[in-house]
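Q: Structural data only, the sequence is not supplied:
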C-alpha cells in the first residue's frame, strides 16, 4: 500500500489536472480545486471566485470493503461520497475521463 505522502502527491496532481482541464476551456476562470483530509476520505473541493465551494469528489484513504486506497468517488453531498462505483484511482493516474464539472 502507498503511504499517505504518496496519496497526498497524487491528489495534488489530480487537483492540478482538473484545474488545467478547466483552464483549457475557460482561461480566465477563478475556479480552484483543493482538498481536505478526513478519517476515511479526502474531499476534493471546487472553489468558485474565492467564495462559493462545492464537493467535487472524494478519494478513499486505505482499503474499505469494495473500495481500494486512492479510489475516486463522486460526491453525493458536501460531506459524503456516492458509494455506488469507483470513477478512477489517483495512485494509478486513472482519472482522464473525469472533468472539472463532475464525474
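A: Good, I have the coordinates. Keep in mind it's a predicted model, so treat the numbers as computed, not measured. Numbers count the residues shown, from 1 in each chain.

Q: Need the phi and psi values for the residue in the chain sticking out farthest from the centre.
A: Farthest-out residue of the chain from its mean C-alpha position, per CA atoms, centre = their mean: residue 28, at 21.9 Å. Here is the backbone geometry of residue 28 (degrees, to the nearest 10): phi -100, psi 10.

Q: Could you report the pLDDT at it?
A: With respect to pLDDT, residue 28 scores 92.

Q: how much space between it and residue 22?
A: Distance, residue 28 to residue 22, by CB to CB, to the nearest Å: 11 Å. (Each C-beta comes from the backbone N, C-alpha and C, glycine too.)

Q: what do you get for residue 62?
A: 29 Å.

Q: Looking at these two, which is more packed in?
A: residue 22 (18 against 14; other CB atoms under 10 Å).

Q: per-residue pLDDT, that one?
A: Residue 22 is assigned 90 on the pLDDT scale.
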